[in-house]
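Asker: Got a sequence here, can you model it:
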Amino acid sequence: MWKEFVNSISKEYHFKEPAQKFEIAQIQKELNVNLPKELTDLYNETNGVFDNWNCPLVWSTSQIIKDNQFYRNFDDYRDIYMPFDNLFFFSDAGNGDLFFYAILKNGTIEKNDIYVWNHEDDSRNWVAASLKHFIEGWITGEIGV
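Answerer: Next comes the predicted model:
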C-alpha cells in the first residue's frame, strides 16, 4: 500500500527491504515509544523511503533510533532547546528542521498528526493530519519549511 501510494505521487522515490520485526521492536525498546500503526505498516513494506539521491523522505529504523537518541541526550541542546523527550522524529527537511509525532503519555503516540520542529527558533508546529498527508504534501510541495 505505501509503495504504491508514494509511486502514485512520484516515481522519484525508491524503497528498501521491509524492516525486520526486531528492528521495529528495537525502536520501541530504545526510545520507549509505541509506534503509530501507519508508521509500523510502512516499515512492514520498506525500511524507509528515499529519493533519487538517497535522501530519506522517511528515515530507516536505524536512523530513527540514532537521531532520536542524539536529540534527547546531547547535553549542549539542553540549554538552548525545550526537551525532545516527547517528540518522535522520523524525517527531516534537509535544512536542520525535523518532522515528528507527539509522544503524549506512557510512551504512546495517540494521534497521527505530524509536526515540524524548527531548529532556529525551537518552534513546533502542526503540518499534516497523518503520515499519508505528510508524504503527499512534501512530495507535491504543499508542505514546506
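
Asker: Do a quick rundown of the helices in the chain.
Answerer: Residue ranges of the helices in the chain, as given by DSSP state H, are 2-9, 21-31, 37-45, 61-73, 75-78, 131-140.

Asker: what does the first one contact?
Answerer: Contacts to helix 2-9, defined as CB atoms under 8 Å, 6 or more residues apart in numbering, come from residues 13, 15, 41-42, 45-46, 49, 57, 132, 135-136, 139-140. (Glycine included, C-beta is placed from N, CA and C.)

Asker: And that helix, what's buried?
Answerer: 2, 6 (16 or more other CB atoms under 10 Å).

Asker: How far away from the center of its chain is it?
Answerer: 17 Å (CA atoms, centre = their mean, to the nearest Å).

Asker: Just want the angle from that helix to helix 37-45.
Answerer: For helix 2-9 against helix 37-45, the angle by axes from the mean of the first three to the mean of the last three CA atoms, to 10 degrees is 100 degrees.

Asker: relative orientation of helix 2-9 and helix 131-140 in degrees?
Answerer: Here helix 2-9 points in a direction 30 degrees away from that of helix 131-140 (the same axes, to 10 degrees).

Asker: Just the CA trace of helix 2-9, in PDB.
Answerer: Provided in PDB are the C-alpha atoms of helix 2-9 (Å, rounded to 0.1, in the frame of the first residue of the first chain):
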ATOM      1  CA  TRP A   2       2.700   2.500   1.000                       C
ATOM      2  CA  LYS A   3       5.000   1.800  -2.000                       C
ATOM      3  CA  GLU A   4       2.000   2.100  -4.400                       C
ATOM      4  CA  PHE A   5       0.900   5.300  -2.700                       C
ATOM      5  CA  VAL A   6       4.300   7.000  -3.000                       C
ATOM      6  CA  ASN A   7       4.700   5.800  -6.600                       C
ATOM      7  CA  SER A   8       1.300   7.300  -7.400                       C
ATOM      8  CA  ILE A   9       2.600  10.700  -6.500                       C
END
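
Asker: what's the offset of the lowest-mean-pLDDT helix or strand in the chain from the middle of its chain?
Answerer: When each helix and strand of the chain is scored by mean pLDDT, DSSP states H and E, helix 75-78 comes last, with a mean of 88. When distances are taken as CA atoms, centre = their mean, helix 75-78 is centred 21 Å away from the chain's centroid.
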